[in-house]
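[1] what's the 3D shape of this:
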Amino acid sequence: MSSIYSEETSRDIQARETRKKIYDAAWHLIEEQGFEKVSVDKICSRAGVAKGSFYHHFKSKGDLIIEGYSLCDKYFENEVEGKLLSANTAGKIVEFVGHQMKYAEDMGIDLMREVYKAQLEFGTRFFISAERSLPRILKQIIIEGHSCGELKKDMDADYITAFILRFSRGLIYDWCLREGAFNLKQVAMEACARILPIFGL
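    Coordinates of the predicted model:
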């Protein structure tokens, strides 16, 4: 029994290492050459794996972009959850949106464009999933705002969370369309502060 368990564990470790190797190779190439110029063949060559290994772990190049953006949730878990400095709900929401924009700016316009394209082309629900850490953390801020009487009771936490995330996604999209012609974080935080009175803040 123990030898079978060890063998399975060893396979799992090897699979994770191969997946990471492919992912790291892909992102290095994407940063060097741009998403469109990077082929699966190039990724496999850089990673030193067979093409079959790529398709075992990823359905397409688009999956790499989605997985890369999923690191955004880890950022929010490590850098945002429980660490916002504002004393009130309005300030925390503005801070939260500022972190969203900072992450998008750090990824860069080219990769953020690919995130949006991947969502549209490959039909994944990841980007808008309520199960992600990003919306969960925002919803918790809003629940706390309801509890302390800072938010109107006639709009529930799910509605307000969805509203703010639609607003923030729209700003990132506009920033991409305009080739980064404005300071995304600054504009987003200022605009967010202007819309919060809708919710009684």
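[2] make it CA atoms for all contacts and neighbour counts henceforth
    Fine.
[3] okay, buried residues for the longest helix along the chain please.
    What stands out as the longest helix in the chain, according to DSSP state H, is helix 2-33. Of all the residues in helix 2-33, those buried under the rule 16 or more other C-alpha atoms under 10 Å are 18-19, 21-27, 29-30.
[4] ok, Val115 - contacts?
    Under the criterion of C-alpha atoms under 8 Å, 6 or more residues apart in numbering, the contact partners of Val115 comprise 65-66, 69.
[5] top of those residues by neighbour count?
    Top of the contacts of Val115 by neighbour number is Ile65, holding 24 neighbours under the definition other C-alpha atoms under 10 Å.
[6] that one contacts Gln119, correct?
    No: the pair Ile65 and Gln119 does not pass the contact test of C-alpha atoms under 8 Å, sitting 9.3 Å apart.
[7] which parts of stretch 139-159 are buried?
    Under the neighbour-count criterion of 16+ other C-alpha under 10 Å, stretch 139-159 has 139, 141-143, 145-146, 150-151, 157 buried.
[8] from the residues you listed, which is closest to Phe163?
    Phe163 has its nearest neighbour among those in Ala157, at 9.8 Å by C-alpha to C-alpha.
[9] so what pLDDT did that closest one get?
    According to the per-residue confidence, Ala157 scores 95 in pLDDT.
[10] that one and Asn183, how far apart?
    The spacing between Ala157 and Asn183, counted by C-alpha to C-alpha, to the nearest Å, is 29 Å.
[11] what does Arg166 give?
    Arg166 sits 19 Å away from Asn183, taking C-alpha to C-alpha as the criterion.
[12] again, but for Trp27
    For Trp27, the distance to Asn183 equals 25 Å [C-alpha to C-alpha].
[13] and stretch 12-25, C-alpha only, in CSV?
    Taking C-alpha atoms only, stretch 12-25 is exported to CSV below (Å, rounded to 0.1, in the frame of the first residue of the first chain):
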residue,chain,number,x,y,z
ASP,A,12,1.6,14.2,-8.8
ILE,A,13,4.8,16.0,-8.0
GLN,A,14,6.2,15.4,-11.5
ALA,A,15,3.0,16.6,-13.1
ARG,A,16,3.0,19.8,-11.1
GLU,A,17,6.7,20.4,-12.0
THR,A,18,5.9,19.8,-15.7
ARG,A,19,2.9,22.1,-15.6
LYS,A,20,5.0,24.8,-13.9
LYS,A,21,7.9,24.4,-16.4
ILE,A,22,5.4,24.9,-19.3
TYR,A,23,3.8,27.8,-17.7
ASP,A,24,7.1,29.6,-16.9
ALA,A,25,8.4,29.0,-20.4
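[14] that's all I had, so thanks and see you.
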